[in-house]
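> The sequence isn't on hand, but the structure is:
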């Protein structure tokens, strides 16, 4: 372990925390009428932090903080880049949306940043309690964000559902953590990994299942996925975007660490692998199948994101550098693909106050750019080349097949082709339906930038995945 | 009941108490209709976990002699309490919001979002 | 990487060929959408450049040298071993030329489009570029990439510009897309498996020649499974029975240009892939499945020919006919000998030209009369003699009239097949009778017969509309009268690629008691 | 002695919890909850976690239970005796809960791998030790918890007052 | 000398090339000008005619040399692995004869058409087709290998199709054209197969090479037991001629083909294209000879049957062109059985003479039809001789020729065939042939008497046709009269065109007498019936009404085919279409439906009730734990997913 300067390593986390508190303070101190420029402030600060984090990724030193309590490796930094990028894009795309909020616009950003901070802690945490606190920081921020439209019954319904289910799931996660602590006397992942091992005892089995359930809830692994669509549908669209993209990625960051360090001990047998494979397969199947009859765009994206979680699980189960690389790669492109789609959804929500698929009718006429972005994003999610999603799926499934899991690759590929069905249904509505009487949807400023940027990235990575792939490899290797 | 005093109160006993509380809380979450009752049940579950942490902390062998590490269970419990308090605060605020929107705290009626 | 010397000075030829339509597309993106004329002209220019370049490649290809020429290799995704490797040989060059011929003509076949012109040509050019890419790729990954690129534009084009007949265009488009994509999912599994098997000793690769060279890494059992996957994928694409049902509906729903490209070149990717990947890389698997494939192929031929007899919609006739014709290609591939493979590639070319001509003529009929129902049409030769000529030429090519390129390629196929699968071949050849029946019926009912006054307002094709007729008519007869130009080229490809040697190995290896 | 105390308070905690989930009156439930928390606090004392016990009493029995009661009062409508009914699928819920309990109990009873000390460890647990730990090893989650509390506070305020002002 | 001749023969390719050039010129340049188009076409075919005559004279001069060593020129056409095909020209007496016949009749017909087709809308198109046909037919004649022959064989089929359907606005013409193409296609299927088998067996399709291979490898072939194989190939190849030359049962298209313009019937469906099958059998005679006796026996039997079968139908027909068509069928049967009985020279001889007199009669019929404004029923005609003396006279010459009256051309050829049949031991076939000769004489004279001799019809206002039409008639009449003399010893036809060893056979005057007698009998009977009316045709027909009906309806062969097409082929098509839509597509749609349906069902799991979600959550935890726990001891052994994966 290398000694390191506390301040430099934790800079992004501290910066985000401070930023979040500043925004809260502004909300408290400055009267509502005089508050201006909170979005630019957020954006530029995030940009700065993101830039620093990227620098950190390439030139920073690996280190473990407080004897393994907190990790500063490329894996963690990779995820931090991801969270920050996601937060930045969400903030950029939500400018217009937030402007329409009746009150508490500044707090919205603050909460968003608090959630981001929670995620960053999760990615960096090397210890279960830290993970838990980070997770709760993120989740509680989300409870509030989901219910943010306080006079919208759907929003608060989603909020309370998320809260009850989230709290229950974190209770079971905690129970699992307590069992782990009981089994090993430690909550530090490295030590836990060292002391688990050998035969699988009933208690370690139970702990594993509880941890899996708790984290599976966050990544919406079937059958722990049921909350997802309801919350996605009810939440404000930018929040849905952030929830779908970043909170899931954060849970994956934790899952990867926990899985590789603890579950991947010899004790975690072939049965566990099989179970996970079955769960991943069911997740892909259920997510994609239920997405087919959906009529609400956000709900559709929710089911699609359930399916995506299934794909990502495949990479984890592969348990190899290639697999983790696939997960990391996919998680990153997933940000851009989903962000494009959600930017359009946000725009539609902002202008038309709805997120039904039929409200996209004739979007081609009303806003060609939004249509193109939406199409590209959806097709990337479906894994159609030359968009990034294809390469991502290729990495994931080839890693799985390399480990001999061929059946899951069949299911994965076939399911992703079936997913094209519902993605194309959306595309069809945009291109074909006339959309009589629906307003024009001009795209300006930040959201336009978001759309174009995400689309370009999606295409660019699809055409030339090498840079991102190298980042993902570096991050994945830092784990092994 | 007669031999109650002869029973040694060991780890398993504490754990069983924790498990019972956990499952009672779970039952509450699954079976009650009032959202506030749900929140209370969740608190029960978190308490159960805390019993676990503290019990493990007391009864378990620990490699490290350093006192800091010996208290991990307690620290965990503290964090759980903090988080639970925060959760309750947010939860109750939410319930009030919902009550204002729908004039009901009945969880059965929260099904506008489905399918 | 390639053992053959590269023609360094010419290595940019293929990139330019594929970039020409893309550049045109980009230009169109920035054109105002009211400038329909300019858009069409720009598209035509782009395709013309492409066509000229591919013709240049066709004419300057060194037969004596053989192998991949005009090669270009750029490492692309190093961690996967993907190379942006382009090149053409005797097998792919005819297909490249075909793509450009049809692409060029399809611009003119769409000359009268007036709905969302800009979008149409943007998508069309992407589509053409994508198809082109599959044929010049020397790397499996790139090949697959290009293949999937084309699927989505087709969907959008069918949905927007298509037409609804027996089935709705939305249904047809979705069926076509999902069918092909699911087929490609299996293909993808096979492809990954192959890639992993080939990279078992490190040094992963997607290059076709490398994959083929690593025969010893594929066990017979593996080859069997992998080839089966290829058959599902490519078989769907080439519409082999029973994976054909997307094809007639898809063509019927699609706008003319898409039908032309789809029936003309896109489905040939299936045959091309089976040869490139199936036979060269997995010969043992091919050998194992050959009898089954041959049977399915013959069923395709006869079954689709019969069904074509019962059709009332012109596009369905041609749709089923193309299923039937592809049966010949498949059986030729199953025959696994150089003659048959030569014939198969030749047939793909010939059928492509024919089908494109057919669809363009039908497109004009539909565009002018707004019906494709055979019963509603009749005596069109009175009003549209030039169109009738095109239609008859396409029909005659379809039924394999000597003098057209279709005959000699069919003949080559039969020649290659008859030794290997005599019974299949005889049954397949019987298909030419039924082909004649439905083609002649169609021609008779659409073009001939008493003059119908309700069609007197139709104008004959003229100006730009003539381009498909002239171009394809010329190709059909030129290549039919001088078959060596085409078949000799393909033969070079077959010979220099060492197919004979591959097959010899297979027969000698004799499957190690597997069969 | 401690055994008896243990059983008394353990049973108290459990019985109170039972009351929480079975009482038909939500107000009663809230009081049962406070009782249960108090019982658990005694168990903490039995396990030498004095500081924790204090925190438990303060935060849970004090703050949380009171907050709950306030919320109950704010949202109460109709007959208070029927304010906390079971839902239609309570029986399934009971089954699930019982099976979860069976599962955990099975594990607890069959697991032989707890690394139990020969004699229970008796030191520590003081506020001083805790604060040392929280400010060194657990500094990061500690700070995060601070942010968390702030966020929750603000959030609760936003949520609770949001509607009224917008109307 | 032969060297010089050979130089001449090298230019034989010009004979088909010129008409082809004319076709291109008409199609792409002169289409709009009727006069130019016809001029170009006629000039081209006349040039070809003169070239053909030159080559014919050259062949006669070259004599023995060319008989034994045909002048062959080959250029490579296709050269790929497993398939080498040359294109070339062969000049030998047989092809020289064919060239002459084809170019002559084609020239006559094209000149004739100037008048006949005058004023037709598609005049230029007509000449384009004519040129294309001439080119294809000549190309076929000159073919040096079977594939080349097949290609041109199909092209003449195409021209036939186009010309039958020339008046495409007539539904009957359209249907007839289609029928002709399809029927011959059936035969071509066999020919194609035969070709493939021949190539795979012998590695070549070149006539000379094939012949050599068959002869030299006779022993080998026999040893590996493939004599039967060769027979099969012979039968397959023969299927082509059955279709093209209208042998039973594929004869049905030829009578319908009369829907085309009459000159076309004369050229294509009487004189040239329909004899292509006969020509093919002659070209491939070595194959049939090798495969004998089965193949030849079959050819003889089928030919004879066709001869009498068609002749019997002709008796009961009323349409002037149809009578001629059935007569053509009958005569083709004659030629075919001649080949079958080994009368190679006789068959070719008859082919030539038949071309002259049948073309003559068709053109004559065309002249009549032209004069009567497209009436074709013979009972609507009558007494035309007086009004149309040239047509009448030349037609009568044709009738006499076909009836085998000496010294007209038909006498010599028919006699040779019948004599050979008897000599080579086919008495039954001889009998059939003789009876057919009688029938032929009867129905042809019937035709002649009814049309030209009977009472004039007042509604008709016939007048003699223009010179452009009568001159060809006269030229052809000339050949019908004198064409037979080439068989006389001093110009011995058989010496030039024969198969195997040449045996000079003197004319057997006794047999000749018998056949002349049969012809006379036929003519007499017709005279009695239709001129003298001593026998009432109606009452005979009434007496044998069943037979009459059968003949009138052409033995119901067409009806049978129609039934088969309607019920079996189209029925099958419908059944398969049903199968495709409801079964094959049904499965696809069914899968889609199941997918979508399961989506609809599964979405119900999201009830919106958060407690349900929680229950599922915890229940799943229990289940997963149990599965895990059980699997630890048992599941690991099964591990279904690992077994699913195939490749690794």
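Good, I have the coordinates. Here the structure is a predicted model, which means the values were calculated and not measured.
> When you work out contacts or count neighbours from here on, use the C-alpha atoms and nothing else.
OK.
> thought residue E:176 was touching residue E:259?
Yes - with contact defined as CA atoms under 8 Å, residue E:176 reaches residue E:259; the gap is 6.7 Å.
> Are there residues contacting both of the two? Which ones?
Taking CA atoms under 8 Å, 6 or more residues apart in numbering or on different chains as the contact rule, residue E:176 and residue E:259 both touch E:164, E:165.
> Chain C: strands as residue ranges?
Assigned by DSSP state E, the strands in chain C fall at C:69-77, C:82-88.
> Which one of these lies nearest to residue D:130?
Ranking the strands of chain C by proximity to residue D:130 (CA to CA) places strand C:69-77 first, at 52.8 Å.
> Run me through the strand neighbours of that closest one, direction for each.
strand C:82-88 (antiparallel) (DSSP bridges).
> Check the offset of the strand it pairs with from the chain's centre.
Offset of strand C:82-88 from its chain centre (CA atoms, centre = their mean, to the nearest Å): 20 Å.
> Contacts for that strand, please.
C:14-15, C:67-77, C:135-139, C:141-142, C:205-207.
> And the residue nearest the centre of chain E?
With distances taken as CA atoms, centre = their mean, residue E:244 lies nearest the centre of chain E, 2.1 Å away.
> Is residue A:72 in contact with residue A:65, as I believe?
Yes - in this structure, residue A:72 is within contact of residue A:65 by CA under 8 Å, at 7.2 Å.
> in the stretch 501-648 of chain E, which spans are helices?
Per DSSP state H, counting those that start in this stretch, the stretch 501-648 of chain E carries helices over the ranges E:509-526, E:537-543, E:545-552, E:557-563, E:570-578, E:585-602, E:610-630, E:636-638, E:640-644.
> ok, of the contacts of strand C:82-88, which come out buried?
Those of these that meet the buried threshold are C:14-15, C:67-73, C:76-77, C:135-139, C:141-142, C:205-207, by 16 or more other CA atoms under 10 Å in any protein chain shown.
> Tell me which of the helices of the stretch 501-648 of chain E lies nearest to chain D.
helix E:610-630 (6.0 Å; CA to the nearest CA).
> Give the buried residues for that closest one.
E:610-622, E:624-629.
> Give me the below-cutoff pLDDT ranges for chain B.
Within chain B, the segments meeting pLDDT under 70 span B:1-9, B:61-69.
> Excluding chain neighbours, give the residue nearest to the residue most central in space within it in space.
Computing the C-alpha centroid of chain B and ranking residues by CA atoms, centre = their mean puts residue B:46 first, at 1.7 Å. Nearest residue to residue B:46 in three dimensions, chain neighbours excluded: residue A:171, at 5.8 Å (CA to CA, 6 or more residues apart in numbering or on different chains).
> quick one: the strands in the stretch 51-200 of chain E?
Here the stretch 51-200 of chain E has its strands, by DSSP state E, counting those that start in this stretch, at E:71-80, E:83-91.
> pLDDT-wise, which helix or strand of the chain ranks last?
If you meant another chain, say so; for now it's chain A. Within chain A, no helix or strand scores below strand A:63-65, which has a mean of 77 by mean pLDDT, DSSP states H and E.
> that's the other chain; I wanted chain D
Lowest on mean pLDDT, DSSP H and E among the helices and strands of chain D sits helix D:127-135, with a mean of 78.
> list the buried ones in it?
Neighbour-count burial for helix D:127-135 flags D:129, D:130, D:133, D:134 (criterion: 16+ other CA under 10 Å).
> which one of these is nearest residue A:333?
Distance to residue A:333 across those (CA to CA) is lowest for residue D:134, with 37.8 Å.
> on that earlier part again, name the stretch among the strands of the stretch 51-200 of chain E that sits most buried.
Stretch with highest mean neighbour count among the strands of the stretch 51-200 of chain E: strand E:83-91 (a mean of 21; mean count of other CA atoms under 10 Å in any protein chain shown).
> ok, residues contacting that one?
Strand E:83-91 has contacts (CA under 8 Å, 6+ apart) with C:339, C:412, C:415, E:9-10, E:12-13, E:70-79, E:142-145, E:147-148, E:204-205.
> mean confidence score for it?
The pLDDT scores in strand E:83-91 average 88.
> Within its sheet, name the partner strands of it and how each one runs.
Strand E:83-91 pairs in its sheet with strand E:71-80 (antiparallel), by DSSP bridges.
> Flag the shaky bits of the chain, pLDDT-wise.
No chain was given, so I picked chain A. Residues of chain A that meet the cut-off, pLDDT under 70, sit at A:1-7, A:32-35, A:197-199, A:262-269.
> that's the other chain; I wanted chain D
When residues are selected by pLDDT under 70, those of chain D lie in D:1, D:111-125, D:162-167.
> Repeat the analysis, applying 80 as the threshold.
Low-confidence segments of chain D, defined by pLDDT under 80: D:1-2, D:76-84, D:109-130, D:132-133, D:136, D:161-167.
> Now the residue nearest to the spatial centre of it: closest residue in space that isn't a chain neighbour?
Note on chain D: the residue nearest the mean C-alpha position is residue D:37, at 5.9 Å, using CA atoms, centre = their mean. Nearest residue to residue D:37, sequence neighbours excluded (CA to CA, 6+ apart): residue D:61, at 5.8 Å.
> I'd like to know how many residues surround that neighbour.
Neighbour count for residue D:61, taken as other CA atoms under 10 Å in any protein chain shown: 22.
> Any part of the longest helix along chain E near chain C?
Looking across chain E with DSSP state H, the single longest helix is helix E:171-202. Yes - residues of helix E:171-202 contacting chain C under CA under 8 Å from any CA of the partner chain: E:171, E:174-175, E:178, E:181-182, E:185-186, E:189, E:193, E:196-197, E:199-200.
> Count the neighbours of the residue of the stretch 351-480 of chain A found nearest chain E for me.
Distances between the stretch 351-480 of chain A and chain E by CA to the nearest CA are smallest at residue A:406, namely 4.4 Å. Neighbours of residue A:406 under the rule other CA under 10 Å: 26.
> and what of residue C:454?
If we define neighbours as other CA under 10 Å, then residue C:454 has 9 of them.
> Please report how far it lies from residue C:379.
11 Å (CA to CA, to the nearest Å).
> ok, now residue B:76?
Residue B:76 is 90 Å from residue C:379, by CA to CA.
> Output the contacting helices and strands for the longest helix along chain D.
Counting residues, the longest helix in chain D under DSSP H turns out to be helix D:139-166. The elements that helix D:139-166 packs onto, with contact taken as 3 or more CA pairs under 8 Å, 6 or more residues apart in numbering or on different chains; DSSP states H and E, are helix A:105-124, helix A:128-146, helix B:72-102, helix D:127-135.
> and residue C:200, which of those is closest to it?
So among those, helix A:105-124 is nearest, using CA to CA, at 33.8 Å.
> Where do the helices of the stretch 301-450 of chain C begin and end?
C:314-335, C:338-369, C:380-383, C:385-398, C:405-418, C:422-447.
> And stretch C:331-343, end to end?
End-to-end distance (CA to CA), stretch C:331-343: 10 Å.
> How about the residues of chain A by chain D?
When proximity is defined by CA under 8 Å from any CA, chain A lies next to chain D at A:17, A:66, A:69, A:102-104, A:111, A:114, A:118, A:129-130, A:133-134, A:136-137, A:140-141, A:144, A:147-148, A:150-151, A:182-185, A:201-203, A:206.
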